[in-house]
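Participant: Mind folding the following:
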Amino acid sequence: MLLAFRTDVRIERDPDKGWTFKLHTKRLGDSAVGRLLSQLLGVYLKR
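Facilitator: Purely as a prediction, here's the structure:
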């Protein structure tokens with residue numbers, strides 16, 4: 001789930017080689033992860 005927020009996908013087609021799929025992920029900062037987890041926990045613990 002965290003990868004969905006910081007992932008770049010590149011799809012390219014080379015006539016000689018066909019399709020290539022490149023996936024690059026970027027690290028989330030500790031504060032961003034903490035905020036995201038606290039929001040998720042807040043939503044699920046209120047049930």
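Participant: Could you verify that residue 9 is part of a strand?
Facilitator: Yes: read with DSSP: H, G, I helix; E, B strand; the rest coil, residue 9 is one of the residues of a strand.
Participant: Give me the pLDDT value at it.
Facilitator: At residue 9, the predicted lDDT confidence score is 83.
Participant: Near it, how many residues? Count them for me, please.
Facilitator: Number of residues near residue 9 (other Cβ atoms under 10 Å) recorded here: 8. C-beta: built from backbone N, CA, C; applies to glycine.
Participant: Contacts only, for it.
Facilitator: 21, 22, 23, 24 (Cβ atoms under 8 Å, 6 or more residues apart in numbering).
Participant: what's the most far-flung residue of the chain relative to its centre in contact with, if anything?
Facilitator: What lies farthest from the middle of the chain is residue 16; by Cα atoms, centre = their mean that is 30.6 Å. Contacts for residue 16 (Cβ under 8 Å, 6+ apart) come out as none.
Participant: Which helix or which strand is home to it?
Facilitator: Taking DSSP states H and E as the criterion, no element holds residue 16; it sits outside all helices and strands.
Participant: Residue 22 now?
Facilitator: Under the assignment given by DSSP H and E, the secondary-structure element containing residue 22 is strand 18-25.
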